[in-house]
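> the sequence and its predicted three-dimensional model are supplied below.
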Amino acid sequence: MGYIKRLIEDDLKEKMTASGAILIKGPKSCGKTETALQYAKSILRMDRDPQVSTIMKTNPRLLLEGETPRLIDEWQEQPEIWNYVRHEVDELKSKGLYILTGSANPPEKVKLHSGAGRFTVLQMETMTWQELDYSSGMVKLSDLLQGNRREYYEPAISLEFIIERICIGGWPALIHENYKNALNLNRGYVDLLCEVDMSQVSGVKRNPFKVRSLLRSLARNSATIVDNSTLEKDVKMNESNELSRNTLSDYLDALSKLMILYEQPAFNPHIRSAASLRKSPKRHLCDPSLAVAVLGLDKEALIKDLKYTGFLFESLAIHELNVYAKANDATVFHYNDSYGNEVDAIVQKRNGDYAAFEIKLGVGFIEEAADNLKKFATAIDTDKMEKPKSLNIITGTGMSYCRPDGINVISLASLGV
């Protein structure tokens, strides 16, 4: 299998010309090392070379010797290497010298000096449908953020295809894997996460049964606003393990360090009404396939529970939007107010331009989604901020087309950068 180009590569090349070192971070097995290898001329694997720990104690700068750009893979295994890279960048005063990759943030006890001016950071996710060639990319997020209207039409895709892709996920290693093997491999990923990774990331032994209970609760509550007290109650109600408030908070922090947990922040616009805005984030696992794996589900189970599958589809669409948004210098938010009005995703560029998205698995909820978007647009106080550049509905089984009222209906298989 040949290498498949990733969407972050343009950003990577740009950052390599801007800073001496680049940090690519993201969940384990999302493809960081393979992408970095396309640009590196030498490599140091911190988690594989048995001599690394000894050299770190004697002459760490030896580890930096090699043709540049030099890739330092899984740098967090010896986090002090960060400071040596920083000093080397200061001394050489050159760009694109080092690429660091890591699937976890280092423990807080490790003192890392600021990399400001020396490091730039890239967040990498699992593969999108556009990268996997499941999306034509005909409907570009860049156009939607500018309010550009284009006529387009693409046919719908099947529910079975969507569900299978949710089960397999966007892991590069599973591109050509069959469905059953992918399910087993994803369950193995969760097993290692519970039994090994969660303890390694903070140097504290974690109870794998309690980790699994928390992951199952997060999976059950995918794409929802769920606070810690709700998670605590959910674990107590549905699992044989209880989690104290402090333990739960520690475990969530560890999941964030491993970049397994993604929090979608709340949008804070100027609105005309007296409604208060909810500030809590929505929580998603980094790839919806992990929710399927930790709950022991499969295609048949998801077909029988389309309500839950709808939440997983929303998580999948947020994952896609998140990657496409970064390529457009934008961030993905959600909107929810005290009157019960909500919008699944608001993508906002750094310059303030934004577009609103409702996400619906099936076509039966299109009209409801359109009404939500219109309410949101009407609520914006246009004396204080601009209206959204576009209103959009991302659908699973629906086709892509422009409605007469100006709202775009976009199949996930049409969405791209």
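Thanks, I have it.

> ok, A369 - contacts?
E358, I359, K360, I393 (C-beta atoms under 8 Å, 6 or more residues apart in numbering). Every C-beta, even on glycine, is put in place using the N, C-alpha and C of the backbone.

> repeat that for S411.
Counting by C-beta under 8 Å, 6+ apart, S411 touches E154, A156, I157, I394, T395, G396, G398, M399, S400.

> of those, just say which sits nearest to A325.
I394 (13.0 Å; C-beta to C-beta).

> next one, pLDDT for that closest one please.
As predicted, I394 sits at a pLDDT of 97.

> kindly report the same for the one 10 residues further on.
Here the pLDDT value assigned to P404 is 94.

> repeat for the one 3 residues further on
Here the pLDDT value assigned to I407 is 97.

> beta-bridge partners for the closest residue to it other than its chain neighbours, please?
Nearest non-adjacent residue to I407, counting by C-beta to C-beta, 6 or more residues apart in numbering: L391, 4.7 Å away. As for beta bridges, L391 partners with A356 under DSSP bridges.

> now do the buried residues in the lengthiest helix in the chain.
Longest helix of the chain, by residue count under DSSP state H: helix 306-326. Going by neighbour count (16 or more other C-beta atoms under 10 Å), the buried part of helix 306-326 is 308-326.

> before we move on, back to that, ok, the contacts of A369 vs L62, which is closest?
Set against L62, the nearest of those by C-beta to C-beta is I359 (50.6 Å).

> sec struct for that closest one, please.
Three-state call for I359 (DSSP: H, G, I helix; E, B strand; the rest coil): strand.

> which residues does it contact?
F313, E314, A317, I318, D344, A345, A369, I393, I394, T395.

> which residues sit in contact with V85?
By C-beta under 8 Å, 6+ apart, the neighbours of V85 are A21, L64, I72, Y98, L100, R118.

> the fifth one: how many residues sit nearby?
I take that to be L100. Using other C-beta atoms under 10 Å, L100 has 26 other residues around it.

> hang on, it is in a strand, isn't it?
Yes. According to three-state DSSP, L100 belongs to a strand.

> list the contacts of it.
A21, I22, L23, I24, L71, I72, W75, W82, V85.

> what is the nearest of those residues to E9?
Nearest to E9 among the contacts of L100 is I24, at 10.6 Å by C-beta to C-beta.

> where's the closest one, which helix or strand?
In this assignment (DSSP states H and E), I24 forms part of strand 21-25.

> ok, and what's touching that strand?
By C-beta under 8 Å, 6+ apart, the residues outside strand 21-25 that reach it are 8, 12, 15-16, 32, 35-36, 75, 85-86, 89, 96-103, 105, 115, 118-124, 259.

> so how far is that strand from its chain's centroid?
Average the C-alpha atoms of strand 21-25, do the same for its chain, and the two points are 16 Å apart (C-alpha atoms, centre = their mean, to the nearest Å).

> just for the protein, where's the confidence low?
In the prediction, the chain carries residues with pLDDT under 70 at positions 1, 107-115.

> tell me the buried residues within the contacts of V85.
A21, L64, I72, Y98, L100, R118.

> now the helix or strand hosting I410: how far from the chain's centre is it?
If you go by DSSP H and E, I410 is part of strand 408-411. Mean-position distance between strand 408-411 and its chain equals 22 Å (C-alpha atoms, centre = their mean).

> strand partners of it, parallel vs antiparallel please.
Using DSSP bridges, the strands paired with strand 408-411 are strand 391-395 (parallel), strand 401-402 (antiparallel).

> could these go into a markdown table alongside distance to M237 and mean neighbour count?
Compiled in a markdown table, these are given as follows (distance: least, C-beta to C-beta, whole Å; neighbours: other C-beta atoms under 10 Å):
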| stretch | distance to M237 | mean neighbour count |
| --- | --- | --- |
| strand 391-395 | 32 | 26 |
| strand 401-402 | 43 | 15 |
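
> which one of those strands lies closest to K299?
Closest of the strands paired with strand 408-411 to K299 is strand 391-395, at 19.7 Å (criterion: C-beta to C-beta).

> dump the C-alpha coordinates for the closest one into CSV.
Taking Å, rounded to 0.1, in the frame of the first residue of the first chain, the C-alpha atoms of strand 391-395 are listed here in CSV:
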residue,chain,number,x,y,z
LEU,A,391,-26.4,27.9,6.4
ASN,A,392,-25.8,24.2,5.8
ILE,A,393,-27.1,20.8,6.6
ILE,A,394,-24.7,17.8,6.5
THR,A,395,-26.5,14.6,5.8
